[in-house]
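Novice: Here you go, sequence then predicted model.
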Amino acid sequence: MTSIISVTGLGKTYDSGFTALRDVNLDIKRGEIFALLGPNGAGKTTLISIICGISRQTEGLVTADGFDIVNDYRAARSKIGLVPQELSTDAFESVWATVTFSRGLFGKAPNPQYIEKLLRQLSLWDKKDAQMRELSGGMKRRVMIAKALSHEPEILFLDEPTAGVDVELRRDMWEMVRELREQGVTIILTTHYIEEAEEMADRIGVIRKGQILLVEEKQALMDKLGSKQLTVHLQQTLDAIPPELSEFDLHLEQDGSYLSFSYDCRQDGDSVARLLRKLSELGLEIRDLNSSESSLEEIFVSLVHEEN
Amino acid sequence: MNFYAIRAIYKFEMARTFRTLMQSIASPVLSTSLYFIVFGTAIGSRMGEIDGVSYGAFIIPGLVMLSLLSESISNASFGIFFPKFSGTIYEVLSAPVSPLEIVIGYVGAAATKSVMLGLLILVTARIFVDYTIVHPFWMLGFLLLTAITFSLFGFIIGVWADDFQKLQVIPLMVITPLTFLGGAFYSISMLPEPWQSLTLFNPVVYLINGFRWAFYGIADVNVGVSLGMTLLFLVICLGIISWIFKTGYRIRS
C-alpha cells in the first residue's frame, strides 16, 4: 500500500514559545484506519490541525495524496475531511443548510441527492430542517461527520470522535467508520479510549510530548507487549512467596492472600497448569481464580511511563 | 477560483442577515428616522439653507453615510469574529479556499447588506424630506465603494478583536465621533479655524462630501479628492488584510 499522508520532520512551536511537535515523521497508508493515541496535550490535535490547514507548521513537510499542504493547499485540502474535537456549530443554521454549506466551501458542485444519502446514512434525515441548537450532543456530532463527508473526501480525520458520546452512538460510529473504509476512505482518528483503537484500528501510533514514540500494527503491538495475568485468591495468607514457587513470576498482593502471576501463554503454554499443580502440592487451597489480558490501555500506560 | 466556496460563504452570511432581519434592517432605519424627525423636520425647519439646500435635505447624505459606515463595520466584523469566537472558523481554514475568496464572501455579503440598508434609508428619508439626486450613478458608486471599503475595515476589526468589547470599541470610539465631526450635520465651512483645517484630516469628511456632491452637486472639498481618499483607504485596508493572511495574524496560529 502506498502512503496517502506523509509527514516528514514536522515541528511546531507556537508564538508563546511552546513546542507542540518536534520532528514528527509519519506515513499513513491508503485505505487504513490509523489511531493516534496519546495523553492530553501530547500534540494530537496540533498534528491534525497542521495537516488540515488550521495551523501552520514551523518546519517540516506534509503531503496529502502527493500534494504539499502549503504550496498545493487547494488540491491537498479538497481530499481531506475533518471532524474536530469541539462541537463548533452555527446554532441557528439548519442541518441541511450547514451540510450544504460545507460541500460548497470545499468547492464541490451542489448535489442534493448525495447530501440526502449522507443524512439518511447518519440517521439525520428527519432532522434535516432542525436548527443546530435544537439537537442533542450526539446528533450534533453526527452533523459534524456529515459536514466532513459532504465533499466526498478520501481522507477523514476524526479528532476524539466518541468523546462524550453514548454507547449506542459509539457503536454506530464504529460501524460507519468501517463502512467508509470499505469504500476506500482512509481514516485517522485520535482517541483517549484505548478500547476504540483496539476495536477499530489497523495501525496505532503513540504520541507523547510532541513526539511519535512508536507506530505499529495493532496486532503486533498487542502481541509484542501483551501479557496475561492470573490472580489466585488463597484461603490463607502468606508472609512470603514459598521458595518452591520461585520459578514463577509471582507477586503477593493485598494482605498476602492474593498471588498475582504474570505469564505469556504464547511462549510458555503450560505455566498456569504447573503453577496450580505446585500450589496444591504445597497444600495451598484456592478460593478463587481470575485471569486477565493486558489491554492496549495498559500497554499504553506502561509505554508512556517508560519514557518518563 | 473556488466559486462554490464564495457562494457558500456569501449565502451563509446573507441567510444570517435575513434571519435577524429585525436587528439588521429595522433598527438602523428606525434610528435614522429619528434623526430625520429631530434634525430634519423639527430643528431643520428653523435652520437656514446651506448652499441652497434645505437643512433637512442637506443632512441626508451624512445620515446615510453614518449608517453605512457603522453597519458595514459591524456586519463585516461580526461576520468574521463570530466564527472565530464559536470555533466554526475551523471549517473555513481547512477548506480549499484562498484568502481572496474568503474576503469576497464575507466582505461581499456585509457590503451587500449595507448597500441595501443605505438605499432603504434613502427611501425612508423621502417620507420626511424632499431631496434630489443630481448624479445618481455617482451616488451609487460612492455608496458601493464606501460599503466595500468599510466592510473591509470591519473585517480587519473582526480579525483583530478577541472579545466582544473590542468589537464595539472602534465603531463607538472612532467611527461615530469621526462621522459626527465629519460634516454629517453641517458644512465644514461653517467651522471656525483651526477646526476647519483640522477637519480635513478626518477621512470621513471626504466620504460624506463626495456623497453629498452626488446628491446636490455641492461639496466642501473637491470630489476628485473625495474619490481619491476613499480609494486610498480601500487600498490600505486591502494591504492590511493581505498582511493578515500572510502572517496568519489571529486567524491561523
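Specialist: Right, received. Where do you want to start? Numbers count the residues shown, from 1 in each chain, chains lettered A, B, ... in the order given.
Novice: The nearest residue to residue A:100 once chain neighbours are set aside: neighbour count?
Specialist: Spatial nearest neighbour of residue A:100, excluding adjacent residues (CB to CB, 6 or more residues apart in numbering or on different chains): residue A:115 at 6.1 Å. The C-beta positions use only the backbone N, C-alpha and C, and glycine is treated the same way. Neighbour count of residue A:115, defined by other CB atoms under 10 Å in any protein chain shown: 20.
Novice: show me what contacts residue A:115?
Specialist: If you count contacts by CB atoms under 8 Å, 6 or more residues apart in numbering or on different chains, residue A:115 has them with A:96, A:99-100, A:103, A:146, A:150.
Novice: One more: residue B:216?
Specialist: Residues in contact with residue B:216 (CB under 8 Å, 6+ apart) are B:51, B:53, B:57-58, B:132, B:134.
Novice: Can you name the element that comes right after the helix or strand of chain B with the lowest mean pLDDT?
Specialist: Here the helix or strand of chain B ranked lowest by mean pLDDT, DSSP states H and E is helix B:21, holding a mean of 78. Next helix or strand after helix B:21 toward the C-terminus (DSSP states H and E): helix B:27-35.
Novice: Distance from that following helix to the middle of the chain?
Specialist: Computed by CA atoms, centre = their mean, to the nearest Å, the chain-centroid distance of helix B:27-35 equals 15 Å.
Novice: Is the next helix or strand after it in proximity to chain A?
Specialist: Once helix B:27-35 ends, the next helix or strand along the chain (criterion: DSSP H and E) is helix B:55-86. Yes - residues of helix B:55-86 contacting chain A under CB under 8 Å from any CB of the partner chain: residue B:86.
Novice: which among the contacts of residue A:115 gets closest to residue A:84?
Specialist: For the contacts of residue A:115, the minimum distance to residue A:84 (CB to CB) is 13.6 Å, reached by residue A:146.
Novice: And the pLDDT for that closest one?
Specialist: Note on residue A:146: pLDDT of 95.
Novice: With residue B:237 instead?
Specialist: On pLDDT, residue B:237 comes in at 95.
Novice: try the one 5 residues further on
Specialist: According to the model's per-residue confidence, residue B:242 sits at a pLDDT of 93.
Novice: buried set for the host helix or strand of it?
Specialist: Taking DSSP H and E as the criterion, residue B:242 maps to helix B:223-247. Under the neighbour-count criterion of 16 or more other CB atoms under 10 Å in any protein chain shown, helix B:223-247 has B:223, B:226-227, B:229-230, B:233-234, B:237-238, B:240-241, B:244-245 buried.
Novice: Which residues of the stretch 1-150 of chain B lie near chain A?
Specialist: B:2, B:4-5, B:7-9, B:11-12, B:15-16, B:19, B:86-88, B:90-98.
Novice: wait, does stretch A:128-147 make contact with chain B?
Specialist: Yes - Stretch A:128-147 reaches chain B (CB under 8 Å from any CB) through residue A:147.
Novice: Just the endpoints, please. Distance across that stretch?
Specialist: The separation between the terminal residues of stretch A:128-147, taken as CA to CA, to the nearest Å, is 13 Å.
Novice: and what of stretch A:126-145?
Specialist: Using CA to CA, one end of stretch A:126-145 lies 16 Å from the other.
Novice: what does that stretch rub up against?
Specialist: With CB under 8 Å, 6+ apart as the test, stretch A:126-145 has contacts from A:83-84, A:87, A:89-96, A:98-99, A:119, A:122-124, A:158, A:161, A:164-166, A:169, A:173, A:176.
Novice: Show the average pLDDT along stretch B:104-115.
Specialist: So the average pLDDT for stretch B:104-115 ends up being 95.
Novice: Please apply the same query to stretch A:218-227.
Specialist: The model assigns stretch A:218-227 a mean pLDDT of 73.
Novice: C-alpha coordinates for that stretch, CSV please?
Specialist: In CSV, the C-alpha atoms belonging to stretch A:218-227 read as follows (Å, rounded to 0.1, in the frame of the first residue of the first chain):
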residue,chain,number,x,y,z
LYS,A,218,-2.2,-3.1,16.3
GLN,A,219,-1.9,-6.8,16.5
ALA,A,220,1.8,-6.8,16.5
LEU,A,221,1.8,-4.2,19.3
MET,A,222,-0.5,-6.2,21.4
ASP,A,223,1.4,-9.4,20.7
LYS,A,224,4.7,-7.8,21.5
LEU,A,225,3.7,-6.1,24.6
GLY,A,226,0.7,-8.2,25.7
SER,A,227,0.9,-10.4,28.6
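Novice: The closest residue to residue A:94 other than its chain neighbours - how many residues pack around it?
Specialist: Closest residue in space to residue A:94, ignoring its immediate chain neighbours: residue A:129 at 5.4 Å, by CB to CB, 6+ apart. Residue A:129: 10 surrounding residues under other CB under 10 Å.
Novice: mind checking pLDDT for residue A:129?
Specialist: Confidence score, pLDDT, at residue A:129: 96.
Novice: Is it correct that residue A:187 falls within a strand?
Specialist: Yes - using DSSP: H, G, I helix; E, B strand; the rest coil, the assignment for residue A:187 is a strand.
Novice: how near is it to chain B?
Specialist: Using CB to the nearest CB, to the nearest Å, residue A:187 is found at 16 Å from chain B.
Novice: Tell me how many other residues surround that residue.
Specialist: Neighbours of residue A:187 (other CB under 10 Å): 24.
Novice: quick one: low-confidence ranges for chain A?
Specialist: Counting by pLDDT under 70, the ranges of chain A that qualify are A:1, A:224-226, A:265-268, A:294-297, A:299, A:304, A:306-308.
Novice: interface residues of it facing chain B?
Specialist: Within chain A, the residues that sit near chain B (CB under 8 Å from any CB) are A:14-15, A:52-56, A:73-78, A:80, A:82, A:84, A:86, A:88-93, A:97, A:100-110, A:147.
Novice: try 7 Å
Specialist: Applying CB under 7 Å from any CB of the partner chain, we find that chain A lies next to chain B at A:14, A:52-56, A:73-74, A:77-78, A:82, A:84, A:86, A:88-90, A:92, A:97, A:101-102, A:104-109, A:147.
Novice: and stretch A:64-84, how far apart are its ends?
Specialist: 18 Å.
Novice: Just the buried positions in that stretch, please.
Specialist: If you call a residue buried by 16+ other CB under 10 Å, then stretch A:64-84 has these buried ones: A:64-65, A:67, A:69, A:73, A:76-84.
Novice: Give me the subset of these that lies in helices.
Specialist: Of the buried residues of stretch A:64-84, the ones assigned to helices by DSSP state H are A:73, A:76-78.
Novice: And those residues, which is closest to residue B:149?
Specialist: The nearest member of these to residue B:149, counting by CB to CB, is residue A:73 at 28.6 Å.
Novice: From residue B:98, how far off is the nearest residue to the closest one once chain neighbours are set aside?
Specialist: Spatially, and ignoring its direct neighbours in sequence, residue A:73 is nearest to residue A:53 (6.0 Å; CB to CB, 6+ apart). Residue A:53 sits 12 Å away from residue B:98 when distances are taken as CB to CB, to the nearest Å.
Novice: Pick out whichever of those two has more residues nearby.
Specialist: Legend: neighbour count by other CB under 10 Å for residue A:53 and residue B:98, higher for residue A:53 (24 against 15).
Novice: contacting residues around the more buried one?
Specialist: Contact analysis of residue A:53 by CB atoms under 7 Å, 6 or more residues apart in numbering or on different chains lists A:69, A:73, A:77, B:93-94.
Novice: Which one of those residues is nearest to residue A:195?
Specialist: Here the nearest of the contacts of residue A:53 to residue A:195, counting by CB to CB, is residue B:94; it sits at 28.1 Å.
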